Structures are given as C-alpha cells and as structure tokens.
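1. I'll drop the sequence and a predicted model, then ask my questions.
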Number of protein chains: 2
Amino acid sequence: MSTTIDVPESSNVVKGKEVLVAPARVGGWKKGIAIMDFILRLGAIAAALGAAASMGTSDQTLPFFTQFFQFEASYDSFSAFQFFVITMAIVGGYLVLSLPLSVVAIIRPHAAGPRLSLIILDTVFLTLATASSASAAAIVYLAHNGNQDTNWIAICNQFGDFCAQTSGAVVSSLVAVVIFVLLIVMSALALGRH
Amino acid sequence: MSTTIDVPESSNVVKGKEVLVAPARVGGWKKGIAIMDFILRLGAIAAALGAAASMGTSDQTLPFFTQFFQFEASYDSFSAFQFFVITMAIVGGYLVLSLPLSVVAIIRPHAAGPRLSLIILDTVFLTLATASSASAAAIVYLAHNGNQDTNWIAICNQFGDFCAQTSGAVVSSLVAVVIFVLLIVMSALALGRH
C-alpha cells in the first residue's frame, strides 16, 4: 500500500523517528511496469492459446502401416499431450480473466491489492504451465529420439508432421512460461520498491 | 519498506489527508512469516536433495533378460531422469544458499531487499524444479502404463524396484514444488501488506 503523507516537515525532524515521505509522482515507473504487464499478458495469452490450439489439432494419418504402428497419431495418444491441451486452455483463460486486474494496476499504480492478487495467481498458473510444458517436452523428446534401453522406438520418422506440430506447441508454451516469470519478477519489483 | 510514524494525533486530524499511522509492533506477523519461511526452506532442502539422491541411486539389474529388455535399468537410461537429478541438486544447493537471506529476513522483518531477492530467485528455481519434476513424472507415467499407439511397453512389470524408487523421487520433488509456491505466496504477502 502506498502512503501519501502530508505532515509538517518540522514534526519529522523533531521526533527524529523513521518517517517515510513519499513524493507524489514517484510512481511513474510503476505505471510503466503496469502497462508492460498488460502488454506481456496479451503476448502470454497468444502463446498459451496458440500452444493449446496447435497441440489440440495435431493429428496425422499415415497412408501405410507397419507391424508396430497404428494408422494415426494424435494428441489423444499421449496423456501428457491431453494434459497439455487442457492446462494451456486453462492458463489462457486465466490470463484473459486477469486482464481487468492488470488494468486496475495501470489505473492505480500504487495500490498493492491488485498486484498482490496477480503475483499469487501468476505463481500458481506458472506452476501449472511449466508442468504441462515440461511433461509434453519429455514426450516430444522421446518421440524424436526414442529410448534404447526400454526399446521405445522414435516415431518422428513416421509421424513427421505430428512431431513438428507438437514440438511447436511446446515451444509456444515455453514462451508463455518465460513471460509468466517476467510478470512475477516485475510485480515483485513494483510491490517491493516504494 | 515499513513506516513507523510518530506524529501528534492532532496533525492527522487537522490536515485530514491520507495518513498512515503504523503501530510500532505491526511487524510481528512478518517475523512469524520469516520464521515459517526458514522452516519451510529446511523442508524443501530435504525434499529436493532427497529426490535427487533417490533418483540418482535408482538402479536395478534383472536376474534374467528377454528379447526386448536389457539387464539393467538406471536413471542414466532416460534423459529426463538425468535432467531431474541435476536440477534437483541445483535447487537443493540454491535452497541451502538462500538460508542466510531467510535469516536476514527474520532479523529485519521490515526490510524489503531480502524478501524481494528471495521472491525473484524462488520464482526462477520454482520453474526449474517444476519442469524437472513434471518431465520425470511424464516418463514415470510411461514406464508404468506404456503407450499402446506407439508400442512403447510398460517396463514396471520387469523393473518394479526401479519404478518405485523413481516414483518416490518424483513425489518428493512435488513436495519441494508445493513448498516453493507457499514460500512465494508468503513472501508476496509480507511484501505487499504494510
């Protein structure tokens, strides 16, 4: 919470205690951070929803089949990819709903309430986004490289388009994660410095 | 930064402006949060280092072999598990190094600097811990259930002890992630409320 204190200068000096006198326009950079927060949020919405849409539409049907492979690969095949689509949609929805709070932070750059709510909610959804992004990345890695020891075969030779699309979705989600970290750091700086 | 203001009551009334009079002992709960922060950090160190050690020592040699399986499974077999061991060790190391900052926050509960550093660093290492935890969880899930569509066979029937140990490591890392989220929320509350 910001304080605007209008006490006679003399009282500060006389008592000699710890007194914080905040200049009226110190919060200019806070408004700048709040505007940057809003813009970054728009970018994160695009990244999260783009990741969900890209993963959700990943689907490749092969014109042939072998002893080992089905005709089709889609995100349904992997629990981690289903989790990815659901959580990225949730994260995108949260980001859209957080825009009004971000606007409040622009209008009232000194209010701690909106920033505090944003920092706590952002932390929760950062964790969600990171978890889904990392688990999907682990599966994408396996799809590209396979695993010798367990005899899990790389499928990207067969399902090239599928792999490209899911890899793109993972990269897009990583962008959202990075933006989340930036948002939290910026909110913390705005909260901590008076 | 906290403000302790000792102005005559009359000056508040006379000016009628926005004046915040903070009681001298308002920071008691902040000290409580700082102590809780320290204790939770100890728990997170145990969880993170325990996860790294448990995963790092996972190694099972079978007394037989089949057409498909090697004799041995260890964390080396999976890139995600190697990443897990390395990042959990790094996170544990960071948490140990962050203890002095946490002690400073206990001694000076009103200082914003240590808390701000902690919240920013915690956010970065929360992301690291969550990513390694989630990617390892994705592999553990595959090891337990396999994947029909890609013909990836579940290995936990053969490597029961290996699976139990890696699953335990993932659960332990999830505990560390939850503690990180709590730490960040508590630091944000202590930063935001004066």
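-> Noted; the coordinates are in hand.

2. the helix or strand residue A:133 falls within - what's its average pLDDT?
-> Secondary structure from DSSP states H and E places residue A:133 in helix A:112-145. Averaging pLDDT along helix A:112-145 gives 94.

3. continuing past that helix, what's the next helix or strand?
-> Taking DSSP H and E, what comes next after helix A:112-145 is helix A:160-192.

4. now that next one: buried residues?
-> Neighbour counts over helix A:160-192 (16 or more other CB atoms under 10 Å in any protein chain shown) mark A:162-163, A:165-170, A:172-177, A:179-188, A:190-192 as buried. (Glycine included, C-beta is placed from N, CA and C.)

5. again, but for stretch A:146-153
-> Buried residues in stretch A:146-153, counting neighbours by 16+ other CB under 10 Å, are found at A:146, A:147, A:150, A:151, A:152, A:153.

6. quickly check the residues you listed for the two that are furthest apart.
-> A:150 and A:153 (10.0 Å; CB to CB).

7. anything in contact with each of these two?
-> residue B:152 (CB atoms under 8 Å, 6 or more residues apart in numbering or on different chains).

8. for chain A, which spans come out with low pLDDT?
-> Low-confidence segments of chain A (pLDDT under 70): A:1-27, A:64-71, A:194.

9. still on that earlier bit, starting at the chain centroid, how far to the helix holding residue A:133?
-> Centre-to-centre, helix A:112-145 and its host chain are 6 Å apart (CA atoms, centre = their mean, to the nearest Å).

10. close to chain B, is that helix?
-> Yes. Using CB under 8 Å from any CB of the partner chain, helix A:112-145 reaches chain B at A:112-113, A:115-116, A:119-120, A:123-124, A:126-127, A:130-139, A:141-143, A:145.

11. just the buried members of the residues you listed?
-> Buried subset of the residues of helix A:112-145 next to chain B (neighbour count, 16+ other CB under 10 Å): A:112, A:115-116, A:119-120, A:123, A:126-127, A:130-139, A:141-143.

12. residue A:161: what's it in contact with?
-> residue A:60.

13. how much space separates it from chain B?
-> Applying CB to the nearest CB, to the nearest Å, the value for residue A:161 to chain B is 16 Å.

14. that residue and residue A:57, how far apart?
-> Per CB to CB, to the nearest Å, residue A:161 is found 11 Å from residue A:57.
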